[in-house]
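**Q** Sequence below, structure please.
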Amino acid sequence: MLRLDGNDWHPATADPSLLLNLAAAFVDCLRGAADDQGGDVGFRGIELRDRCVELAFPVQDIALARVAAQHIAVAAKAADAEGSGVLRRLRLALRLLPPGVKVRAQAGSWKRRLQPIAEPEELSTDELVTLRVRAIRAGGVQPAIRFEADDLTPFTLTTDEATVRLIGPNLYREMEIEAEVERGRDDQIVSGTLRRFDLVDADDADDAWSKWFNANADEWDDESIDALTKRP
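**A** Numbering: from 1, shown residues only. Next up, the predicted model:
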């Protein structure tokens, strides 16, 4: 027997296609599990009962039906790639039910909820980001710019020819870009499209240098500073 409870489901409100789809998948799974045990539960019709929604499947061998139902309850929680085609159909039928509807299988005194594992969420890799970068190459058969940035491996963004011509003379200059990017599982940028860029002007660069120096001043002396900046 299958009992469906929740979301105000009863025979007058239940979606017949979802209900019959679940019933067919469950019966096929029960028959297949019984076959694996070398027997036949001997289905003898179907009954629709008005306690929430109950689908009863009278059988000749209740002991075998209990063993088969126990097997199904465990298998329903396995990964989608595991199990037979009928098991995958059952998992899908369970997922298609409205939110809040719970399904319980019963064979004799044994009862167990049928609940597939949640579908793995797809990794969302598209995002709009703003980054401080340096362009290291511009051009190509398809207009694109290759960038480098702190904490990122070099990456390439597609763009248009006009943008390539604007960035080309400014290679290795600091710039701020806005781009739609796709990241790999290591969180590195693997592809994307450049949407906007702004060159960082000299005042911003000097300010960034001053902040860096103030944080690291203890490691430097006047001679090393003069050698690095080439200032008298």
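**Q** can you count the residues close to A23?
**A** For A23, the neighbour count with other C-beta atoms under 10 Å is 16. (Glycine included, C-beta is placed from N, CA and C.)
**Q** Please pull out the lowest mean pLDDT helix or strand from the chain.
**A** Of all the helices and strands that make up the chain, helix 222-229 has the lowest average by mean pLDDT, DSSP states H and E, namely a mean of 55.
**Q** Can you identify the element that follows the lengthiest helix in the chain toward the C-terminus?
**A** What stands out as the longest helix in the chain, according to DSSP state H, is helix 16-36. Of the helices and strands lying after helix 16-36 in sequence (DSSP states H and E), the nearest is strand 47-49.
**Q** Which helix or strand lies directly C-terminal to that following strand?
**A** From strand 47-49 onward toward the C-terminus, using DSSP H and E, the following helix or strand is strand 53-56.
**Q** can you pull the buried residues of that next one?
**A** Within strand 53-56, the residues that qualify as buried by neighbour count (16 or more other C-beta atoms under 10 Å) are V53, E54, L55.
**Q** Out of those, the closest to S191 would be?
**A** When the buried residues of strand 53-56 are compared for distance to S191 (C-beta to C-beta), V53 comes out closest, at 48.6 Å.
**Q** Give the partner strands of the top strand by length along the chain in its sheet and their orientations.
**A** Of all segments of type strand in the chain, defined using DSSP state E, the longest is strand 126-139. Paired strands of strand 126-139, with direction, are strand 144-149 (antiparallel), strand 174-183 (antiparallel) (DSSP bridges).
**Q** and the last one, how far from the chain's centre?
**A** The gap between where strand 174-183 is centred and where its chain is centred comes out at 23 Å by C-alpha atoms, centre = their mean, to the nearest Å.
**Q** Stretch 6-20 now?
**A** The gap between the average C-alpha position of stretch 6-20 and the chain average comes to 30 Å, counting by C-alpha atoms, centre = their mean.
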